[in-house]
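J.: Take this sequence and fold it.
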Amino acid sequence: MIKSMKVALVATTMAVAASSAMAKVNLTYHTAGAGTTVGLTASALVGYASERGIADIQLKDGQTGTNYILALAEGQIDIASGPFVLPFLLSRGVGPYAKVGKEKGAEIGGNIQLLYPYTLSIFSLYAYDVKGVKGWDDLKGRKVMNGPPRGAATGNSKALIQLFGGAKAKEDYESVTLSWNQIAPAIVDGTADAAVIPVMFPGPRVTQASAAGAMTMYSMPKDKFESGPAQKLLNKPGSVAYSAPIADIRAGLGGGWTVQSEDDTFRGMSVTGGDMVNKSMDEEVAYQLTKAHIENLDSHKQIAPFMETLNFGVLDTKVAGLCGPNPVKFHRGAVRAWEEAGYEVADCAKP
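T.: From the prediction side, this is the model:
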């Protein structure tokens, strides 16, 4: 009995010591808008880490993804949440990272590793009914909200409009770009006639907008959606072609919304990504952060109505957008946490 008590005391002492040591870790975390999938997940991780004594995390939300993904790769911050397309572009030194260059981009792009994946949102087109927008092919001559001034979301928005609506930014329509925190009010006050940005069913931006009047959300046209060029765009690194029963979308959005499609299926583009860290993060810290996320999955999905539909806890490479041209692989600490929890991590997603 005494021996057992001594063993228990030693174990408890070691656990307390470990907890105290972990609590001394200070981490910086950048993410996009508050109330979004990434914003809510970031806030939740801050809470999990604090409750478990893993780390004190300083969170800055409302940031631009292109900027903080570069900062993550350079080791200026410790954690970032965002789409996989940004590390992909960075690793090639193209797009918003053209000034970084291909050589440096390839060098630092591999510094970004994953704790856990999820679907960030689904790109779609929506507008107030009073604006008279008839669909994707009716955006010429209008003011269209594309997203923030810089970032992958705006590039995706413009590419989708050009493919599905045949309209080019600046040439055929006026592109409206604002920070994430300004986008919802701008849609409400009529700064833009329509929006092609990431949404959830329901999400904070669409809920705020629909409170001011009846709105319609438009599915991507089936024929173009199934075409080779569209499938290539929709399934590029950081995104996956998305389809769901239109009844589910209508139920998620609720009253005040019309969902338009030529059949009983809603089509869009899901944005895949996750919470990523610099590969230099201590393995134990990465393990504990990932473990905390895994052990809170059930409650995490209840944070907001749309969270349960966003594939938290799903490691299927086709759903999560892992492997293939996506350069982001799991951190070794995250692999340990997922496998200990009974999940299968694809070899192609391991570091």
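J.: Name every strand pairing with the host helix or strand of residue 125 and say which way it goes.
T.: Assessed by DSSP states H and E, residue 125 sits inside strand 112-128. Counting by DSSP bridges, the strands paired with strand 112-128 are strand 194-199 (antiparallel), strand 215-218 (antiparallel), strand 265-278 (antiparallel), strand 329-330 (parallel).
J.: Dump those strands to a markdown table, plus distance to residue 208.
T.: C-beta: built from backbone N, CA, C; applies to glycine. Below are the strands paired with strand 112-128 laid out as a markdown table (distance: least, CB to CB, whole Å):
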| stretch | distance to residue 208 |
| --- | --- |
| strand 194-199 | 12 |
| strand 215-218 | 11 |
| strand 265-278 | 20 |
| strand 329-330 | 35 |
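J.: Tell me which of those lies nearest to residue 137.
T.: Evaluated with CB to CB, the strands paired with strand 112-128 place strand 215-218 nearest to residue 137, the distance being 9.9 Å.
J.: quick one, what contacts residue 229?
T.: For residue 229, the contact set (CB atoms under 8 Å, 6 or more residues apart in numbering) comprises residue 163.
J.: in which helix or strand would I find it?
T.: Applying DSSP H and E as the criterion places residue 229 in helix 228-234.
J.: Same check on residue 176?
T.: Going by DSSP H and E, residue 176 is in strand 174-177.
J.: pLDDT (mean, whole number) over the next helix or strand after that strand?
T.: As assigned by DSSP H and E, the chain's next helix or strand after strand 174-177 is helix 180-188. Averaged over helix 180-188, pLDDT sits at 88.
J.: ok, the residue positioned nearest the centre of the chain - contacts?
T.: With distances taken as CA atoms, centre = their mean, residue 120 lies nearest the centre of the chain, 3.0 Å away. Residues in contact with residue 120 (CB under 8 Å, 6+ apart) are 36, 37, 38, 82, 83, 198, 270, 271, 272, 273, 310.
J.: From what I see, the last one and residue 117 are in contact.
T.: No - Residue 310 lies out of contact with residue 117 (CB atoms under 8 Å); the separation is 10.2 Å.
J.: Let me see the domain layout of this protein.
T.: The chain breaks down by automatic domain parsing into domains covering 2-120+273-349, 123-271.
J.: and these, which one is worst for confidence?
T.: Set side by side, the domains of the chain give their lowest mean pLDDT on domain 2-120+273-349, at a mean of 89.
J.: Dihedrals phi and psi, the nearest residue to residue 152 once chain neighbours are set aside?
T.: In space, residue 152 comes closest to residue 85 once its chain neighbours are excluded; the distance is 4.9 Å by CB to CB, 6 or more residues apart in numbering. Per-residue torsions, residue 85: phi -60, psi -30 (degrees, to the nearest 10).
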